[in-house]
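Asks: Got a predicted model here, sequence first, then my questions.
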Amino acid sequence: MPELPEVETVRRGLAPVMLGATIERVEARRADLRWPLPANFAERLAGRRIERLGRRAKYLLAELDDGEVLVMHLGMSGSFRISHAGGARTPGEFLMPRSKHDAHDHIVFELSSGATVIFNDPRRFGAMLLVRASELERHKLFQALGPEPLDAAFDARTLARACWAKKTSLKAALSDQRVVAGLGNIYVCEALHRARLSPRRRASVLAARAGAPTGAAKALVKAIKAVLAEAIEAGGSTLRDYVRADGELGEFQHRFRVYDRAGENCPRPRCKGRIRRLVQTGRSTFYCPVCQR
């Protein structure tokens, strides 16, 4: 599933054609994705102006001029294609290739900007909802989400307080969207390596008495922010098939230190370790057993 940097890259790619544009027409070619589309979905969107295009965790949020928010989620295989007079492009970089078959084009937005935005999703695990802006934070999809990792409010003290009583591993805690929103398997592995912390360690290592942050918490928050910022700047996690909205290829996959690098030498200078793979909570974890303690 696309992670925060990929979703943010998609948001930035869509913004030039969607932000400030009026949705002139919507074609829903099926009645459901992961869940049924909202009642009168196309009719409720037609004529609405997109006032803001934001992101919360892995959700894209198009704030409309009538007080509703179009909530969009890519799921495992979803992508947006932008079509206009100059051609077509798919903003965002994904570890797994996105579909190019129009048989999976399920939602089509025709915009006053002159662009057509098509949502393509072969597995149909993506979603589109309409939620009142005033009710968004109380919605079941958002009410339990933790802080955004790139926000100033996400700091070592916040992370320590969320983890000080936890008996789970660091890997499991960081993958919990209630602890921090938007982190996924790839960037948890990468951040833990940068912070020199073993994914096996108990999450409570981040907190001293009463939830005060330890040095490990400070190092981990710094690593999380750095790896996400670098991935967003690079345009996502893959070079396969796609170009960014600006026409440049994403390259962060080539910067992975540990993810999908099992058996390779640890890239940390002077470290003699080799990257290992283990399975935690059903997901592959990649780490160096020598420098990550």
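Replies: Right, received. Where do you want to start? These figures come from a predicted structure and were not determined experimentally. Numbering: from 1, shown residues only.
Asks: mind listing what residue 213 touches?
Replies: 155, 156, 157, 159, 160, 206, 207 (CB atoms under 8 Å, 6 or more residues apart in numbering). For every residue, glycine as well, the C-beta is placed using N, CA and C.
Asks: gap between it and residue 206?
Replies: In this structure, residue 213 and residue 206 are 7 Å apart, going by CB to CB, to the nearest Å.
Asks: likewise residue 47?
Replies: When CB to CB is the yardstick, residue 47 and residue 206 sit 49 Å from each other.
Asks: Now stretch 15-31: buried residues?
Replies: By neighbour count, with 16 or more other CB atoms under 10 Å as the criterion, the buried positions of stretch 15-31 are 15, 16, 17, 18, 19, 21, 23, 26, 28.
Asks: actually stretch 167-180, sorry about that
Replies: The neighbour-count check on stretch 167-180 (16+ other CB under 10 Å) flags 168, 169, 170, 171, 172, 173, 174, 175, 176, 179, 180 as buried.
Asks: And those residues, which is closest to residue 102?
Replies: Nearest to residue 102 among these: residue 175, at 34.6 Å, using CB to CB.
Asks: which non-adjacent residue is nearest the closest one?
Replies: Computed as CB to CB, 6 or more residues apart in numbering, the closest residue to residue 175 that is not its neighbour in sequence is residue 188, at 5.7 Å.
Asks: name the helices or strands packed onto the host helix or strand of the one you found?
Replies: Secondary structure here is read from DSSP states H and E; on that basis residue 188 sits in helix 185-194. Applying 3 or more CB pairs under 8 Å, 6 or more residues apart in numbering; DSSP states H and E, we find helix 185-194 packed against helix 170-175, helix 215-234, strand 283-287.
Asks: hey, which of the ones you listed is tucked in deepest?
Replies: helix 170-175 (a mean of 24; mean count of other CB atoms under 10 Å).
Asks: Average pLDDT for it, rounded please.
Replies: If you average the pLDDT over helix 170-175, you get 97.
Asks: For that helix, enumerate the helices and strands it packs against.
Replies: helix 185-194.
Asks: Provide the contact partners of the helix it packs on at residue level.
Replies: 3-5, 95, 170-171, 174-175, 183, 198-199, 220, 223-224, 226-228, 231, 237, 256-259, 268, 283-288, 291-292.
Asks: can you redo the contacts of residue 213 as CSV with pLDDT and neighbour count?
Replies: Rendered in CSV, the data for these read as follows (pLDDT from 0 to 100; neighbours: other CB atoms under 10 Å):
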residue, pLDDT, neighbour count
155, 98, 16
156, 98, 20
157, 97, 15
159, 97, 28
160, 97, 25
206, 97, 30
207, 96, 23
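Asks: Next, format the residues you listed as CSV and append distance to residue 76.
Replies: Formatted as CSV, these follow (distance: CB to CB, whole Å):
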residue, distance to residue 76
155, 32
156, 33
157, 34
159, 28
160, 32
206, 30
207, 34
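Asks: right, and the pair among the buried residues of stretch 15-31 with maximum separation?
Replies: Greatest spacing in the buried residues of stretch 15-31, by CB to CB: 16 and 28 (24.1 Å).
Asks: Pretty sure residue 144 sits against residue 176.
Replies: No. Using CB atoms under 8 Å, residue 144 makes no contact with residue 176, being 9.8 Å away.
Asks: Lowest mean pLDDT among the helices and strands of this protein, which one is it?
Replies: strand 87-89 (a mean of 66; mean pLDDT, DSSP states H and E).
Asks: Please report the distance of the residue nearest to residue 175 from residue 170.
Replies: Separation of residue 188 from residue 170 (CB to CB): 8 Å.
Asks: joint contacts of the two?
Replies: Shared contacts of residue 188 and residue 170 (CB under 8 Å, 6+ apart): residue 199.
Asks: Got the confidence number for residue 242?
Replies: Listed pLDDT for residue 242 reads 34.
Asks: typed the wrong thing, it's residue 82
Replies: The model reports residue 82 with a pLDDT of 92.
Asks: so what's residue 116 closest to, chain neighbours aside?
Replies: Nearest residue to residue 116 in three dimensions, chain neighbours excluded: residue 83, at 4.5 Å (CB to CB, 6+ apart).
Asks: now the helices: where do they sit in the protein?
Replies: Secondary structure of the chain (DSSP state H): helices at 4-18, 41-45, 156-163, 170-175, 185-194, 215-234.
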